[in-house]
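Asker: Sequence and predicted structure are below.
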Amino acid sequence: MSVVASQLHREDSTCKPCRSCKWQIPDPTDPNSGQCTANRTEAGAVWKRWIRDVMNMTCTRHEEGKLSFREHV
């Protein structure tokens, strides 16, 4: 099974941080961390990736806005 993945990378003072991306889920205990849900397997399952610094990490799949209920399911 192949996975289509976006590569998270560090970019200090980026204008597109993970913090403002609609694919990011904040960590409830650490505001500087979160999980990326942009990646999916071929079967459509979510492949979560841990983000340790949501202010200085970004990727090519950065999207602003909020996920609707339908996009979560």
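Answerer: Received it, and whenever you're ready, just let me know what you need. Numbering: from 1, shown residues only.
Asker: quick one, what contacts N32?
Answerer: By Cβ atoms under 8 Å, 6 or more residues apart in numbering, the residues touching N32 are 52-55. All C-beta spots, glycine's among them, are computed from the backbone N, C-alpha and C.
Asker: Can you flag the buried ones in those residues?
Answerer: With burial judged by 16 or more other Cβ atoms under 10 Å, the buried subset of these is V54.
Asker: Could you export the contacts of N32 as a markdown table, including pLDDT?
Answerer: As requested, the contacts of N32 are arranged in a markdown table below (pLDDT from 0 to 100):
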| residue | pLDDT |
| --- | --- |
| R52 | 94 |
| D53 | 96 |
| V54 | 95 |
| M55 | 95 |
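Asker: Out of the contacts of N32, which is nearest to E64?
Answerer: Nearest to E64 out of the contacts of N32 is V54 (Cβ to Cβ; 13.9 Å).
Asker: Name the residues linked to T41 by a beta bridge.
Answerer: Beta-bridge partners for T41, by DSSP bridges, are V3.
Asker: Give me the neighbour count for it.
Answerer: Residues near T41, counting by other Cβ atoms under 10 Å, number 13.
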